[in-house]
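*Asks:* Structure for this input, please:
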Amino acid sequence: MWTFVRTISVGLLNLKRRWQGMIAGVVLWLAWMIFGFWSTLLLLVLMVAGFFLGRVMEEKHDWKQVLDKLLADRFNDQ
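*Replies:* Now for the predicted structure:
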């Protein structure tokens, strides 16, 4: 089973970006048709939040450092 999954994932990663984008679009369209617009939108928001949370945890940053980095450009005293 895992060799099949690994073969598919390696095959998808070796595709050109336009084909990867098309496949991502089809997956999003299927999610929209199955779950509805708002559920799919919530799923995407949670995926992005999870991605950034995982990235912060990988880099072992403190939340204060992350917020300072994000808000420094917007709220600089000039």
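
*Asks:* Can you pull the phi/psi pair for residue 59?
*Replies:* phi -80, psi 0 (degrees, to the nearest 10).

*Asks:* Let me know how buried it is, in neighbour terms.
*Replies:* 9 (other Cβ atoms under 10 Å). Just so you know, the C-beta spots here come from the backbone N, C-alpha and C atoms, and that holds for glycine as well.

*Asks:* ok, it to residue 40 distance?
*Replies:* Residue 59 sits 29 Å away from residue 40, going by Cβ to Cβ, to the nearest Å.

*Asks:* can you check residue 4 too?
*Replies:* Separation of residue 4 from residue 40 (Cβ to Cβ): 27 Å.

*Asks:* Please say which of the two ends up with more neighbours.
*Replies:* Using other Cβ under 10 Å, the more surrounded residue of residue 4 and residue 40 is residue 40, with 17 against 8.

*Asks:* same for the host helix or strand of that one, what does it pack against?
*Replies:* Using DSSP states H and E, residue 40 maps to helix 37-59. In this structure, helix 37-59 makes packing contacts with helix 17-35, judged by 3 or more Cβ pairs under 8 Å, 6 or more residues apart in numbering; DSSP states H and E.
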